[in-house]
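Asker: curious how this folds, go ahead:
(one chain, ligands or ions: 2)
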Amino acid sequence: MTKFLDPLLSRIGQMRPVHALGRVCEAQADSLWLEGLNRAAALGDAVEVGVGMRAEVVRITKDRCQVLPEDRIEGLRVGDIARHLGPVSISPGMHWIGRVIDPDGAPLDGRPLYPGPAVCPLRAVPPPATARRPMGARLTTGLAVFDTLLPIVRGQRLGLFAGSGVGKSTLLSQLARGVAADVIVIGLIGERGREVRDFVEDTLGPEGLARSVVVAATSDRPALVRQRAAWAAMSVAEFFRDQGAHVLLLADSVTRFAQAHREVAVASGEPAALNGYPASMAQAVMSLCERAGPGAAGQGDITAILSVLVAGSDMEEPVADTLRGVLDGHVVLSREIAERGRFPAVDLLRSVSRSLPRAASADENRLIATARRHMGVHDRAEMMLQAGLYTDGADPAIDAALRVWPALDDFLSQGSSGPTAAFATLADCLAPGEPVAAQAEDQPAD
Ligand SMILES: Nc1ncnc2c1ncn2[C@@H]1O[C@H](COP(=O)(O)OP(=O)(O)O)[C@@H](O)[C@H]1O
Ligand SMILES: [Mg+2]
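Answerer: Ligands and ions are numbered 1, 2, ... in the order given. Model (predicted):
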C-alpha cells in the first residue's frame, strides 16, 4: 500500500504551493530579460517562461534578471508571464538503479519512473575538506593493469585522457562491470544519441546496467541540459554516498561538460579567453570534481573516473590542464597502442596513480618500478629497434627490456581476478619462474 502511494507522496512533498511571477520585458535571440523576479530569483534558479519553456537565471540587476531559455524562443512576447521555479534539484531513489534518465530525472528507457523522497540540489557543495576521510583501500577492477601498475583506491579521482575512438567509452564500461562498488553512476554528457544507445545496450550490457544509474544528455540537447547532466550524475552519486554506499562515478566526458559551460557562459555575456573558454571554466570543472572523493564520517565514498577528450594527445589544452591539477591520477590512452590492437590502450609511462606507493606493499612497489623501468627502456630504444640499428648484446638494459616486453605488453591487456593473482602474473612476466620476493629483492626501489 505504502509502495503504491510512494510516487504520489513524493510528488506532493516536492510541490511548491507559491511561485513568484514576473514578466518578459526584453527578448534577444538567445536570452530574455524578466522584470518582477529579481527579488525572488537567485543565480542558477530555474524559471518557466510562457507555457512550459524552461530557462535559467544567469544575471540579476537591481530591477531585472536575465535568463537563458533552453528552447527556441520564437513566438514569445513582451509581457508574457514567467514563473520562478527555484533552485534546480533532482530526487533520486534506490529504485533508480538499472535505469537510464535525463538530467531532470525523467526516464529515457521508455518505462515510467517516479522520483524518490530526497531532494538533492544539483549544485551541491562537497563535504568540508577537514571532515573528509583520506583515500581508502585498493579496489579490484577486473583489469590487470588497474589491479597492479595503476591501482585505483576507494575515493580516488582519476582522469582518463584520450583522443576520440581510442577506447575511452569501452574502458569505462569495463570498469563499470568490473570495479568493486555498491552502485555505479554513469554520466553521458554530450555524446551522440546513437552512442548512448550503443553504450547502454552493447558496451555496458544488462550485467553492467543492473547495478548502474545512467544519466544522459545527448549532443542535440541544449547546452544548459548537457551542463546539468554532469551535475545531475554527481547529485545522484552523492545521494547514494549519503546512504553509506561506495559509489563509482563514471563521466564521459568532462570536455563536453566544459564545452556546454562555455556555451552558457558566452551566451550570458562572459568574455571568452583560453581556446574560447571563459575564465569561469576552470572553477566549473574543479568544483564538479571536488564533489567526488572520500565522504565524511557516516557517509560512503565516491570513486570517480572522468574522461577527457584530448585532440592529438595535447595534455596542455585548457580542460585537460585544469583537471590534472585536481585529480589523484591520470590514465592516458594512446592512439598508437590502440592502432596495434592492444586494449585498453593505456600508455603506462604517461599515466600516474597518486594512490601509489601507499596502495601497494613494498614488494609490489618494487615490481611496479621494475615494470616501468623495462617499459621506459623499451620505449626509448623503440626507434633504434624499428630502424634495425640495434644489435643484441650491445646494451644489457635493452636486452632485458626486450626479453620481458612481449609478456609485459600482453599483461597490460589482460583481465584480472584480483591484485594478488595479478601481481603474481606480473612477477612471472618480469622473471618467468622466479618467486615474487626473490625476484623483487635484486631490483632497487625507485
Ligand atoms: N577493449 C577493446 N577491445 C577491442 N576493441 C576495442 C576495445 N576498446 C575499444 N576498441 C575499439 O575502439 C573503438 C572505439 O572505442 P570507444 O570506446 O568508442 O572510443 P572513444 O570512447 O574513446 O571514442 C571501438 O569501436 C573498438 O573498435
Ligand atoms: Mg566515447
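
Asker: hey, let's count contacts and neighbours off CA atoms from now on
Answerer: Fine.

Asker: any idea which element the residue lying closest to Met135 once chain neighbours are set aside lies in?
Answerer: With Cα to Cα, 6 or more residues apart in numbering as the criterion, Met135 has its nearest non-adjacent residue at 5.2 Å, and that residue is Gly155. Using DSSP states H and E, Gly155 sits in no helix or strand.

Asker: OK, contacts around Gly155?
Answerer: The neighbours of Gly155, taking Cα atoms under 8 Å, 6 or more residues apart in numbering as the test, are 135-136, 292-295, 301-304.

Asker: what of Asp392?
Answerer: Neighbouring residues of Asp392 by Cα under 8 Å, 6+ apart: Asp399.

Asker: what residues sit buried inside stretch 238-248?
Answerer: Residues of stretch 238-248 classed as buried: 238-242, 244-248 (neighbour count, 16 or more other Cα atoms under 10 Å).

Asker: got JSON lines for those, with pLDDT too?
Answerer: Compiled in JSON lines, the buried residues of stretch 238-248 are given as follows (pLDDT from 0 to 100):
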{"residue": "Glu238", "pLDDT": "97"}
{"residue": "Phe239", "pLDDT": "96"}
{"residue": "Phe240", "pLDDT": "97"}
{"residue": "Arg241", "pLDDT": "97"}
{"residue": "Asp242", "pLDDT": "95"}
{"residue": "Gly244", "pLDDT": "95"}
{"residue": "Ala245", "pLDDT": "96"}
{"residue": "His246", "pLDDT": "97"}
{"residue": "Val247", "pLDDT": "97"}
{"residue": "Leu248", "pLDDT": "97"}
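
Asker: sitting in strands, which of the residues you listed do you find?
Answerer: If you go by DSSP state E, these have 246-248 in strands.

Asker: surely Ala401 meets His378?
Answerer: Yes - the pair Ala401 and His378 qualifies as a contact (Cα atoms under 8 Å) at a distance of 5.7 Å.

Asker: circling back to that earlier point, Arg54: which of the contacts of Gly155 is nearest?
Answerer: Ala292 (28.3 Å; Cα to Cα).

Asker: ok, which stretches of the stretch 101-250 of the chain are helices?
Answerer: With helices called from DSSP state H, counting those that start in this stretch, the stretch 101-250 of the chain shows them at 144-147, 168-178, 193-198, 205-209, 223-242.

Asker: in the fourth one, what's buried?
Answerer: By neighbour count with 16+ other Cα under 10 Å, helix 205-209 contains the buried residues 208-209.

Asker: and that helix, average pLDDT?
Answerer: In this model, helix 205-209 carries a mean pLDDT of 89.

Asker: who does it touch, helix- and strand-wise?
Answerer: Judged by 3 or more Cα pairs under 8 Å, 6 or more residues apart in numbering; DSSP states H and E, helix 205-209 is in contact with helix 168-178.

Asker: neighbouring contacts of the helix it packs on?
Answerer: Contact partners of helix 168-178, identified using Cα under 8 Å, 6+ apart, comprise 140-143, 160, 162, 184, 199, 203-204, 207-208, 212, 248, 250, 252, 305, 307, 333, 344.

Asker: same question, stretch 393-413
Answerer: Around stretch 393-413, the neighbours that count as contacts under Cα under 8 Å, 6+ apart are 143-145, 342-346, 371, 374-375, 377-378, 381, 392, 425-426, 429-431.

Asker: get me the contact residues on the stretch 151-300 of the chain for ligand 1.
Answerer: By the rule Cα under 6 Å from any ligand atom, the part of the stretch 151-300 of the chain lying against ligand 1 is 164-170.

Asker: which residues touch the residue in the stretch 201-350 of the chain that ligand 1 sits nearest to?
Answerer: Among the residues of the stretch 201-350 of the chain, Phe343 lies closest to ligand 1, at 4.5 Å counting by Cα to the nearest ligand atom. Listed by Cα under 8 Å, 6+ apart, the contact partners of Phe343 are 167, 337, 413.

Asker: only alpha carbons, please: show the helix or strand where the second one lies as PDB.
Answerer: Yep, that's Ile337 we're talking about. With elements taken from DSSP H and E, the one containing Ile337 is helix 335-339. The C-alpha trace of helix 335-339 is given here as PDB (Å, rounded to 0.1, in the frame of the first residue of the first chain):
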ATOM      1  CA  ARG A 335      46.300   6.000 -30.300                       C
ATOM      2  CA  GLU A 336      49.500   4.200 -31.400                       C
ATOM      3  CA  ILE A 337      48.800   1.400 -28.900                       C
ATOM      4  CA  ALA A 338      45.100   1.200 -29.900                       C
ATOM      5  CA  GLU A 339      46.200   1.000 -33.600                       C
END
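
Asker: what about it, near ligand 1?
Answerer: No - counting by Cα under 6 Å from any ligand atom, no contacts exist between helix 335-339 and ligand 1, the nearest distance being 7.2 Å.

Asker: just how off-centre is that helix within its chain?
Answerer: 23 Å (Cα atoms, centre = their mean, to the nearest Å).

Asker: what of stretch 276-296?
Answerer: On the basis of Cα atoms, centre = their mean, the separation between the geometric centre of stretch 276-296 and that of its chain is 11 Å.

Asker: now it: average pLDDT?
Answerer: 93.

Asker: what of stretch 51-66?
Answerer: For stretch 51-66, mean pLDDT rounds to 91.

Asker: quick one: residues in contact with that stretch.
Answerer: Among residues not part of stretch 51-66, those counted as contacts by Cα under 8 Å, 6+ apart are 31-38, 41-49, 67-71, 268.

Asker: taking the stretch 1-150 of the chain, what residue is nearest to ligand 1?
Answerer: At 10.6 Å from ligand 1, Leu143 is the closest residue in the stretch 1-150 of the chain, using Cα to the nearest ligand atom.

Asker: surely that residue meets Ser416?
Answerer: Yes - counting by Cα under 8 Å, Leu143 touches Ser416, with 4.9 Å between them.

Asker: how long is stretch 32-40 end to end?
Answerer: With Cα to Cα, to the nearest Å as the measure, the first residue of stretch 32-40 is 17 Å from its last.

Asker: do stretch 32-48 as well
Answerer: 12 Å.
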